[in-house]
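Chemist: coords below, sequence missing:
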């Protein structure tokens, strides 16, 4: 009979335990394969998510030029396309990953008082809802319906556009063939060019793009500045991890080749890839570290398993030695079955690991991510098999080296000095690792702290269980109590039981730590999403100016569940300060502000918008009735008004030369239809100069469009001198039935009296330190939406503001806009960023409504989507692997407990038979077994759970839970139906099943052991 026959017959004879050994070996190989396979899939998921989350403008490539007639910007698009195609022909790798290019040309033009963009965009008519014909022929254009309504245009009309800079260039007449509305202004087709940026007030300052489908129409004036380009979208679904280095090299080479043709390659793809790299590196670092405890546990389980199996086969090995087997042959006889089962388990574990990663990829990862059978996966399976062989050799060494009489003993040997030395070494190594990890909790080795802590506590628990059992044995022996005596004897004399305590403790600790970390991280991700997004939905938009956005939001959502938000960034002491202008009256219905209830938000909002005078809205003209009492002969003086239109710079409108007596002053206000606002009145020289003068004016009434205004002349403080003006003059304002204005001095600038329709200082909610020398200052000055500093007063303080962070200022948008428009234009302020925050009650098609009103929607975010996105970042993906490892560890522990009980059945049956013959009842034996396993599994459950939670408390504050490079710091755990309660329930249920199953395994001996 050959050795193979003996091994196969032995496996068949011990089919049940051989199957469990096979399953445990499969689990060990699966655990080894899991780390490299899952790490690779997670990295691909991060890459796919990062590319898809970035805008098309950020990941795409733009090739072109900007300039006047002597530059490459005036080159035909066909020639540019040919040049680019020739360059891409030299790099098929990049060419295969770029989508069809969209050709575009645009230049700035004016007509009347409006500015616009004359644009050519390939196949644009397919993207427009046209009333009329596409402007396919030279000299034809299409204008937006909104522009047509504002300027009384219709198809067939002539539109004269000025090409080139003001004072140069030339006028060119175009025929309007159609009126358009974009089908989807937020589509990726439009790239990052703002074609639809007209204001909604009809003031004519900015119009939507004027489209032509004839390139030469845009190149008609050499003095005009053209931007000519090809926009290549990136096929993100074709980018794999291995493609990234070559993609970077291809971009660099393409840019170098095109630069010689005076063409510039611009793309934000390298920056996007750099952000993705950070998450990928984190996964590459943490996945192996997370897998190490599971691999060590698998190795230890195999060690225990082989030791138990070899010890059980001790009599057979003794007989082999008695038959004259050499030591090597006896070793092969004792280990052959285990080695054969481990070898058979290796390919099965490899396939199981890849299948598990595929399932995880479908459930957790981005589309396109999956298990890849690469060499690290096969190497991990090989290492697992090698580790199994080493564990088998080490575990069987003691049994195989024992003499024949020792192998024939029925009573197990006690652990000796060698076990104590081994445990001491393990404890020393664990303590050293814990100390090292405590120095830097953010390092990958910190993730080893929980299992190391569990290992130390498991060894301590095993020792305590042995000491407690020995003590209980002596007490039960003195008192003559059979059940405690039998259970304590088993626990104290079997070293295998103490090893099981260590295994179960570590497994429970791994799972409880992973579950606690997952629950804490899930809460942290939800909080981070609320803080980062600020509302259930946030739309980033393009708008002409703040008033245009406010008007569009009011029309798109009359119910008040969405609000316009304007943001800007300033710096103080070389640190950024985020400015957040919100519609205070809508804030409570829209914003999600962590730690604040809607009632609290409403209270804060009321402080941001205290009562102030209503603005003086002007129509098509302005009339002033004034009395002049004191008027010098020289110089000639005039009365003027400061008028602000939405998004336009404030303008001074002359009302007329001042004359003695009471008379009316009047001026037409072209471009105003009720959107303009009277900022103030000005008294100054009609022809400039610096001659001194003194004048007294009493303004009695203001009218617009034939109707009276309510200026509040009789209210003190309603009209005030402009701050900081009139340095060489004195300006006095007197309230009363008529507004008294006294001016004396030689300042060449006008003396301006402003209508105060805002608080003196803008109330604000401050997050972080005040941007002032005194960090706790209650008032400070900072440029708001204009370049001029404006006063702020702190209405409330908070730790952080929604969507703005820990160093930010939130204030009322209406008041901030009024203040800024006194001195500046907001339409050309490139520092302003526009958003629309939508609450739960906002229309589902809010984006489409805004697009129809000319507000281009660039991106849409939601708290739910942001939370899901964070769930596919490196920290969350690493915690998923930890959960998988914790679940596998628990299965391993339960399996080894069952198998150890099953292996010892034959020996226990003999003991039960002897005890039954001695008069011990079956019920007493059953209770003794139950008490034995209750202690054997109950203590590790409590210790492992405590170790896992304690490890989480120690490690998690220094570990990134939401984003790479950002440790959790302080965190909160809110009891709920999360991963930890489920893990605890599964663990208790599994251990309870083990406790109930063991008596069934021993059922024969419990029933009729005496026979």
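Modeler: All right, it came through fine. In this text the structure is predicted, and so the values were computed from the model without any measurement.
Chemist: model confidence for residue 891, exactly?
Modeler: Among the per-residue scores, residue 891 holds a pLDDT of 82.
Chemist: looking at this, it is in a strand?
Modeler: No. Read with DSSP: H, G, I helix; E, B strand; the rest coil, residue 891 is helix and lies in no strand.
Chemist: touching, it and residue 26? I think so.
Modeler: No. The pair residue 891 / residue 26 is not scored as a contact, 10.9 Å apart, by CB atoms under 8 Å. Yep, even glycine has a C-beta here, placed from its N, CA and C like the rest.
Chemist: okay, and the common contacts of these two?
Modeler: Jointly contacting residue 891 and residue 26 under the rule CB atoms under 8 Å, 6 or more residues apart in numbering is no residue at all.
Chemist: which one's more surrounded, these two?
Modeler: residue 26 (23 against 16; other CB atoms under 10 Å).
Chemist: so who does the more buried one touch?
Modeler: Contacts of residue 26 by CB under 8 Å, 6+ apart are 345, 348, 349, 352.
Chemist: measure it to residue 347 for me?
Modeler: 10 Å (CB to CB, to the nearest Å).
Chemist: and for residue 705?
Modeler: 88 Å.
Chemist: can you check residue 227 too?
Modeler: 60 Å.
Chemist: give me the more crowded residue out of these two.
Modeler: The residue with more neighbours, out of residue 227 and residue 347, is residue 227; 19 against 13, by other CB under 10 Å.
Chemist: measure stretch 842-861 end to end?
Modeler: Using CA to CA, to the nearest Å, the end-to-end distance of stretch 842-861 comes out at 14 Å.
Chemist: contacts for that stretch, please.
Modeler: 55, 144, 146, 181-182, 184-186, 190, 192, 194-198, 200, 208, 533, 536-543, 548-549, 552-553, 555-557, 559, 561-562, 590, 836, 838.
Chemist: out of the residues you listed, which end up buried?
Modeler: The neighbour count (16 or more other CB atoms under 10 Å) marks 144, 146, 181-182, 185-186, 190, 194-198, 200, 208, 533, 536-543, 548-549, 552-553, 556-557, 561-562, 590, 836, 838 as buried among the contacts of stretch 842-861.
Chemist: off-centre distance for the helix or strand hosting residue 348?
Modeler: Element membership for residue 348 (DSSP states H and E) is helix 327-364. Offset of helix 327-364 from its chain centre (CA atoms, centre = their mean, to the nearest Å): 39 Å.
Chemist: packing partners of it?
Modeler: helix 3-13, helix 15-53, helix 269-312, helix 314-322, helix 375-401, helix 874-903 (3 or more CB pairs under 8 Å, 6 or more residues apart in numbering; DSSP states H and E).
Chemist: hang on, the earlier thing: okay if I get the contacts of residue 26 as TSV plus pLDDT and distance to residue 59?
Modeler: Output for the contacts of residue 26, formatted as TSV (pLDDT from 0 to 100; distance: CB to CB, whole Å):
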residue	pLDDT	distance to residue 59
345	86	44
348	91	41
349	89	39
352	89	37
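Chemist: in the residues you listed, which residue is surrounded by the most others?
Modeler: Going by other CB under 10 Å, residue 349 tops the contacts of residue 26 with 27 neighbours.
Chemist: state the phi and psi torsions of the residue lying closest to residue 631 once chain neighbours are set aside.
Modeler: Distance criterion CB to CB, 6 or more residues apart in numbering; nearest residue to residue 631, sequence neighbours excluded, is residue 660 at 5.1 Å. Main-chain dihedrals, residue 660, degrees, to the nearest 10: phi -60, psi 150.
Chemist: what about residue 660, how many neighbours?
Modeler: 10.
Chemist: ok, it touching residue 629?
Modeler: Yes. When contacts are counted by CB under 8 Å, residue 660 is listed as touching residue 629 (7.5 Å).
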